[in-house]
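>>> mind looking at a prediction? Sequence and model below.
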Amino acid sequence: MSIYVVGHQNPDTDSICAAIAYANLKQELGVEATAIRTGKINSETEFVLEKFEVEGPTLKEEVGADDQVILVDHNEISQSIAGLDEAEVLEVIDHHRIGDIETGNPIYFRNEPVGCTCTIVTKLYQENDVEITDTMAGLLLSAILSDTVIFRSPTSTAEDEEMATALAEQLGVDVEEYGKKLFKAGSVVTKLSPRELVQNDYKEYEFAGETIGVGQIEVMDLAEVDGIKDDILAASEKLVVENDYKFLILMVTDILAEGSLLLFTPGAEQTVAEAFDVEADRSEVYLDGVLSRKKQIIPVLSDYLTA
């Protein structure tokens, strides 16, 4: 029986690095676990894997009754690998809201309100007295800086900063300098089609029986998307139809300005305006100080849509 460690669909750097690092930890503890992924590796993660000379997890689109699974960086069925209902879930290591994963037996469930799953994985290495090699340190550090937006995100905690600082000291790198290189390498605006931009870092959420999609891209300047907003919205509308969504939102997050432009499909205007208490035009609104989908977007939408 295979044991797979897997992150969410449309994996980001935290999802991929957490899978690799946690599978490595399990191996060090005598468990034959293998990291896999359910989607394409994005540009930022490719940069990290190349820098630290690590092979990416094997792509596996479905698991079955003969598989055991450890979930990292998510705990919702809609975000997970196909066939999860047939497989046996052994563990969950996550930092998001508690979702709808159900198991037949008690499992190890580690969920903490920190900015990154890899912060928890780093702690697990320490708790199990397993050495963190420079290679694993590179992956863990990269994920923490990515998910916390170099500690600028409101999801970032003192624990994230503590773990990242120790990992950076081990590697002899400057956190701010490396973080900016990481985000620059991850810029996808000129590399991907409008549809790929929307789905690059993308999750589905179900509220009151209806599903929405929320994607996020990070840029150094919002001007990068000025000429392609209409194309992004057109691609978003197609995804809404194909997936029978209530609506779709793409967060375009300006890392340096520390705010996000929300681009949204028809039908979302009232929700966005009332939920965030802003004046929203037909397709966009800028939210100053908003960087986190997990902490600043999804909870607000959840409260409004389930009221």
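Done, it's in. Numbers count the residues shown, from 1 in each chain.
>>> the nearest residue to residue 78 once chain neighbours are set aside: how many residues sit nearby?
Among residues not flanking residue 78 along the chain, residue 204 sits closest, at 4.5 Å (Cβ to Cβ, 6 or more residues apart in numbering). Backbone N, C-alpha and C define where each C-beta goes, glycine included. Neighbourhood size, residue 204 [other Cβ atoms under 10 Å]: 18.
>>> now residue 257
Look at residue 257: counted by other Cβ under 10 Å, it has 16 neighbours.
>>> verify the stated contact: it with residue 223.
No - contact criterion Cβ atoms under 8 Å: residue 257 and residue 223 do not qualify, at 10.8 Å.
>>> would you tell me which strand is longest in the protein?
Ordering each strand of the chain by length in residues (DSSP state E) puts strand 210-219 first.
>>> please identify the buried residues of that strand?
Judged by neighbour count (16 or more other Cβ atoms under 10 Å), strand 210-219 contains these buried residues: 211-219.
>>> returning to what we had before: SS state for the residue nearest to residue 78?
What DSSP: H, G, I helix; E, B strand; the rest coil gives for residue 204 is strand.
>>> so how far is residue 65 from it?
Residue 204 sits 25 Å away from residue 65, going by Cβ to Cβ, to the nearest Å.
>>> please apply the same query to residue 83.
Distance, residue 83 to residue 65, using Cβ to Cβ: 8 Å.
>>> neighbour count: those two, which is higher?
The neighbour count for residue 83 versus residue 65, taken as other Cβ under 10 Å, is higher for residue 83 (15 against 10).
>>> low-confidence ranges, the stretch 151-300 of the chain, go.
Along the stretch 151-300 of the chain, the model assigns pLDDT under 70 to no residue.
>>> hey, where'd the strands end up in it?
Secondary structure of the stretch 151-300 of the chain (DSSP state E, counting those that start in this stretch): strands located at 202-207, 210-219, 247-254, 259-264, 284-288.
>>> the first one pairs with which strands?
With DSSP bridges as the test, strand 202-207 is paired with strand 210-219 (antiparallel).
>>> the third one now?
Strands flanking strand 247-254 in the sheet, each with its direction: strand 210-219 (parallel), strand 259-264 (antiparallel) (DSSP bridges).
>>> CSV please, covering these and showing distance to residue 14.
Below are the strands paired with strand 247-254 laid out as CSV (distance: least, Cβ to Cβ, whole Å):
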stretch, distance to residue 14
strand 210-219, 13
strand 259-264, 18
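>>> select, out of those strands, the one closest to residue 299.
When the strands paired with strand 247-254 are compared by Cβ to Cβ, strand 210-219 sits nearest residue 299, at 11.9 Å.
>>> how far out from the middle of the chain is the closest one?
Its chain's average C-alpha position is 11 Å from that of strand 210-219, according to Cα atoms, centre = their mean, to the nearest Å.
>>> show me what it is in contact with.
Residues outside strand 210-219 that contact it (Cβ atoms under 8 Å, 6 or more residues apart in numbering) are 78, 149, 183, 186-189, 197-205, 225, 236, 239-240, 243-255, 260, 293, 297-298, 301, 305.
>>> just the buried members of the residues you listed?
Neighbour counting by 16+ other Cβ under 10 Å classes 149, 183, 186-189, 197-205, 225, 236, 239-240, 245-255, 260, 293, 297-298, 301, 305 among the contacts of strand 210-219 as buried.
>>> name the element the nearest residue to residue 39 once chain neighbours are set aside belongs to?
Of all residues not flanking residue 39 in the chain, residue 10 sits nearest, at 4.8 Å (Cβ to Cβ, 6+ apart). Assessed by DSSP states H and E, residue 10 sits outside every helix and strand.
>>> against residue 169, how distant is residue 10?
Residue 10 sits 32 Å away from residue 169, going by Cβ to Cβ.
>>> what about the two, which has more around it?
The neighbour comparison of residue 10 against residue 169 (other Cβ under 10 Å) goes to residue 10, with 20 against 12.
>>> looks like that one contacts residue 37 (just checking).
No - between residue 10 and residue 37 there is no contact under Cβ under 8 Å: 10.0 Å.
>>> residue 47: what's it in contact with?
Counted by Cβ under 8 Å, 6+ apart, residue 47 has contacts 182, 185-186.
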